[in-house]
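Q: sequence first, then the predicted structure:
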Amino acid sequence: MNAPERLQSYERLTAAEVREFAVDVDRSARFPTESIAALRREKLLGCLVPVEYGGLGMQLREIASLCEVLGASCASTGLIFAMHQIQIACLARHALHNPYFQRVVRDIAEKQHLVASVTSEEGIGGAIHQSSAALDLQADHIVVEKRCPTTSYAAQADMLLLTCRRADDRPAHDQVLIALGPGTYELTQIQDWDTLGLRGTCSSGYLVSARATREAVLDEPFAEILTHTMHPISHLLWCSVWIGIAQDALRIAKSALVESKRGSQTIMRADFRLSDALLEFSAMQNSVRHMLDDFSEIHSPRVSRAGQPNRTVALNNLKIQCSESVVNIVRAAMLIVGIRGYRNDSPYSLGRHLRDSMGASLMVNNDRLSANNAAILPILTL
């Protein structure tokens, strides 16, 4: 089976199961247990792990395609899958020179461990490039304690990747990334997750108390990992999930429009609105695919320091554009469908899509990204 056939097979196998439980996941604000079980069954939690370490060795474009499919079926599942793969990418690009982390990624592929990110922290807002919590290096182990206002699916994860200061006497931006395996940490919940949308991500707040081997600390500074991997892949995979949300909203709108035209005259305004929404969707999709072309290989060479500011701004703009477009597209679909889209008990319901899409601009707030871009402008290469 070639790569495109393999990808289509995975998409068919998982999409129907994910969609089946999406409404209940949203209504109950519960973890999408069935969806993650389906992904585990197909070994997709290890799909970004290189083949030589027991994974499927997929490329980022394939992962993005899966994020689109999952996002169309259940946005919470799509984001959990995306956030997990972001963590795997950090390990794959920055830690596999170390035999310890080679064993870690083998375990992820073999045991289908779900990996969560612990980057948020009380007192820093969304500035994940800073930490208050500090690493305590002891004789043969490390200890760290961190209060996190939002940590997606931490209670359901098998592993955590946690950021903190390198030591108590180091500045806030001198951070390390720590891989915390099963049995090396405890979670104490400090905040619930009762939100408008993306309810199945279960992003409650936790006090994370960890004690692990010194080997669990990645050698490379987190600033490098964030710049070259976490930041770009986060934006690309999040945007892919939002493409999925928009695509499903358009599917529903087209179905409703066809149904409305049966036995009646063409509804011209709705046709024009759908055409405009499809145009915005195409621009959204093309922007992501163009950026994926520049970051197609998970082991691709790093961007030079000279070119990094331009790529940072481009990625921030991509995230801002897509997070705004998905809301525009779902709102247009709602207007096309009418009251049936507003109802929760309708086969054309779009309430979940609208609520989930509203979270896109808050995942690293768009205003923060615009401010970051403004600070970088003086050093851009025009």
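A: Yep, it's here.

Q: the helix or strand hosting residue 332: which residues count as buried?
A: In this assignment (DSSP states H and E), residue 332 forms part of helix 308-337. Residues of helix 308-337 classed as buried: 309, 311-334, 336-337 (neighbour count, 16 or more other Cβ atoms under 10 Å). Bear in mind the C-beta positions are built from the backbone N, C-alpha and C, glycine included.

Q: measure residue 111 to residue 117 for me?
A: 19 Å (Cβ to Cβ, to the nearest Å).

Q: before we move on, what about residue 182?
A: Taking Cβ to Cβ, one finds residue 182 at 17 Å from residue 117.

Q: show me which of those two is the more surrounded one.
A: Looking at residue 182 and residue 117 with other Cβ atoms under 10 Å, you find the greater number of neighbours at residue 117, namely 24 against 12.

Q: pull out the buried positions in stretch 190-202.
A: Result for stretch 190-202 [16+ other Cβ under 10 Å]: buried residues 191, 193, 195, 197-202.

Q: what is the subsequent helix or strand relative to the helix holding residue 332?
A: helix 339-342.

Q: before we move on, which element is residue 209 in?
A: strand 205-213.

Q: now do that strand: distance to the chain's middle.
A: 22 Å (Cα atoms, centre = their mean, to the nearest Å).

Q: pretty sure residue 148 contacts residue 204?
A: No: assessed by Cβ atoms under 8 Å, residue 148 is found out of contact with residue 204, at 9.2 Å.

Q: what do the two both touch?
A: Shared contacts of residue 148 and residue 204, defined by Cβ atoms under 8 Å, 6 or more residues apart in numbering, are found at residue 154.

Q: phi, psi for residue 118 please.
A: Dihedral angles of residue 118 (phi, psi; degrees, to the nearest 10) stand at phi -120, psi 80.

Q: ok, residue 154 touching residue 205?
A: No: the pair residue 154 / residue 205 is not scored as a contact, 9.2 Å apart, by Cβ under 8 Å.

Q: show me whatever sits in contact with both of these two.
A: residue 148.

Q: other SSEs contacting the helix or strand hosting residue 355?
A: According to DSSP H and E, residue 355 maps onto helix 351-358. Judged by 3 or more Cβ pairs under 8 Å, 6 or more residues apart in numbering; DSSP states H and E, the packing partners of helix 351-358 are helix 22-28, helix 75-94, helix 231-261, helix 308-337.

Q: go again with 7 Å.
A: With contacts taken as 3 or more Cβ pairs under 7 Å, 6 or more residues apart in numbering; DSSP states H and E, helix 351-358 sits against helix 231-261, helix 308-337.

Q: turn those helices into TSV, columns for distance to residue 217 and mean pLDDT.
A: Listed next are those as TSV, based on distance: least, Cβ to Cβ, whole Å; pLDDT from 0 to 100:
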stretch	distance to residue 217	mean pLDDT
helix 231-261	21	94
helix 308-337	25	95
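
Q: distance to residue 91 added to those, as a markdown table?
A: Shown next, in a markdown table, are the helices and strands packed on helix 351-358 (distance: least, Cβ to Cβ, whole Å):
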| stretch | distance to residue 91 |
| --- | --- |
| helix 231-261 | 12 |
| helix 308-337 | 21 |
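
Q: select, out of those, the one closest to residue 350.
A: When these are compared by Cβ to Cβ, helix 308-337 sits nearest residue 350, at 5.0 Å.

Q: can you get me a residue count around the closest residue to residue 109 other than its chain neighbours?
A: Of all residues not flanking residue 109 in the chain, residue 46 sits nearest, at 3.3 Å (Cβ to Cβ, 6 or more residues apart in numbering). Neighbour count of residue 46, defined by other Cβ under 10 Å: 27.

Q: report pLDDT for residue 46.
A: pLDDT recorded at residue 46 is 96.

Q: and for residue 296?
A: At residue 296, pLDDT is 62.

Q: residues in contact with the nearest residue to residue 149 once chain neighbours are set aside?
A: Among residues not flanking residue 149 along the chain, residue 205 sits closest, at 4.5 Å (Cβ to Cβ, 6+ apart). By Cβ atoms under 7 Å, 6 or more residues apart in numbering, the contact list for residue 205 reads 148-151, 189-191.

Q: which of these ranks first by neighbour count?
A: Highest count within those by other Cβ under 10 Å belongs to residue 151, 28 neighbours.

Q: what's the separation between it and residue 290?
A: As for residue 151, its distance to residue 290 is 32 Å (criterion: Cβ to Cβ).

Q: any idea how far residue 363 is from residue 280?
A: In terms of Cβ to Cβ, residue 363 sits 20 Å off from residue 280.

Q: I meant residue 348, not that one.
A: From residue 348 to residue 280 the distance is 20 Å (Cβ to Cβ).

Q: next one: residue 331
A: From residue 331 over to residue 280 (counting by Cβ to Cβ), the distance is 11 Å.

Q: quick check: pLDDT value at residue 114.
A: 98.

Q: so it touches residue 81, yeah?
A: No: here residue 114 does not reach residue 81: they are 9.5 Å apart, not a contact under Cβ atoms under 7 Å.
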